[in-house]
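S.K.: predicted model, plus sequence, below.
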Amino acid sequence: DVKVTQSSRYLVKRTGEKVFLECVQDMDHENMFWYRQDPGLGLRLIYFSYDVKMKEKGDIPEGYSVSREKKERFSLILESASTNQTSMYLCASSFAWEQYFGPGTRLTVT
Amino acid sequence: GENVEQHPSTLSVQEGDSAVIKCTYSDSASNYFPWYKQELGKGPQLIIDIRSNVGEKKDQRIAVTLNKTAKHFSLHITETQPEDSAVYFCAASSQNSGGSNYKLTFGKGTLLTVNP
C-alpha cells in the first residue's frame, strides 16, 4: 500500500511565524503535490514537483514556497504565516495519474 | 487553464436510492477524468476514473459517463449505502509548462449524505 504521511495532523501558529509542513511518501513517486482545502472552494493546487529539486507553481502559490531535496520528501513553507492561510493542507504523490493523498494538516494561524 | 465545475454542492438521498454528481470542464485537451472520495478525517482516495477514449465505465455500484462533445462527465452511485456518505471530487487532467503532465484540476466537491 502506498503511504503518504504528513508531519502533523493539527498545527497552531502565530501570525508572522515561519511554518514548515512536511510530507513523506514511501513509493518512489516522481510527482508530489501540495493542495489547500477550504469549504466551498475544493482542492486548490499550491505547488507541485515532478523530480528532486524541480518545482512548479500551481494555482495559488502566493505566500508559499516549497523544497524537494530528496525524492520521498516534499516540504511546504509559509515564510510569514498570515490568518488567511488558516486551512487544511493536503499532500499527494503519484507515479502517473492516480494521486495518493496524506491525511492532511489542519493549520490554524492566530 | 482548465476549469472544472461540479454540481450539486450537497446531495441528500435515502438509502437504496441512486445518486448522480455532474461535472463540466473547459479544456478540450483534457483526457483523463478521475473521481475521488474523501471520508471524514481522511485524504481523498481515487474510486474510479475514465479516459477520453471511453464513454462509460462501471465498477460494481459506481459508474462514470463521459461526453467529450459537451465536455461533461458524471458519477453515478446505485443502491446507496450509509458508508457512501462522504465528499466526492471530480477532476480533469491539466496541461502545464513543466516536465510533468500529471497535474489535475479539481471541482469544488459534493457532500453526499445517505440517510438510513
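M.R.: Great, that's in hand.
S.K.: show me what contacts the residue in chain B positioned nearest to chain A?
M.R.: Ranking the residues of chain B by distance to chain A (Cβ to the nearest Cβ) places residue B:43 first, at 3.0 Å. (Each C-beta comes from the backbone N, C-alpha and C, glycine too.) Residues counted as contacts of residue B:43 (Cβ atoms under 8 Å, 6 or more residues apart in numbering or on different chains) are A:4, A:90, A:92, A:101, A:102, A:103, A:104.
S.K.: if you rank those by neighbours, which is first?
M.R.: residue A:92 (26 neighbours; other Cβ atoms under 10 Å in any protein chain shown).
S.K.: hmm, back to that, correct me if wrong, but the residue of chain B closest to chain A is in a strand.
M.R.: No - counting by DSSP: H, G, I helix; E, B strand; the rest coil, residue B:43 is located in no strand; its state is coil.
S.K.: got the phi/psi numbers for the residue nearest to it when sequence neighbours are not counted?
M.R.: Excluding its sequence neighbours, the residue lying closest to residue B:43 (Cβ to Cβ, 6 or more residues apart in numbering or on different chains) is residue A:101, at 3.0 Å. According to degrees, to the nearest 10, the main-chain angles of residue A:101 amount to phi -100, psi 150.
S.K.: would you agree residue A:40 is in contact with residue B:108?
M.R.: Yes - the criterion here is Cβ atoms under 8 Å, and residue A:40 meets it with residue B:108 at 6.4 Å.
S.K.: which one's more surrounded, these two?
M.R.: A direct count of neighbours by other Cβ under 10 Å for residue A:40 and residue B:108 places residue B:108 higher, at 20 against 7.
S.K.: circling back to that earlier point, nearest to residue A:71, out of the contacts of residue B:43: which one, please.
M.R.: For the contacts of residue B:43, the closest approach to residue A:71 (Cβ to Cβ) belongs to residue A:4, at 13.3 Å.
S.K.: straight-line length of stretch A:20-35, end to end?
M.R.: 14 Å (Cα to Cα, to the nearest Å).
S.K.: can you give me the neighbour number for the nearest residue to residue B:68 once chain neighbours are set aside?
M.R.: Spatial nearest neighbour of residue B:68, chain neighbours left out: residue B:52 (5.7 Å); criterion: Cβ to Cβ, 6+ apart. Look at residue B:52: counted by other Cβ under 10 Å, it has 16 neighbours.
S.K.: dihedrals phi and psi, residue B:52?
M.R.: With angles defined as degrees, to the nearest 10, residue B:52 sits at phi -70, psi -10.
S.K.: test my guess that residue B:2 contacts residue B:91.
M.R.: No - counting by Cβ under 8 Å, residue B:2 sits too far from residue B:91 to count as a contact (9.2 Å).
S.K.: where do the contact lists of those two overlap?
M.R.: Common neighbours of residue B:2 and residue B:91, using Cβ under 8 Å, 6+ apart, are residue B:105.
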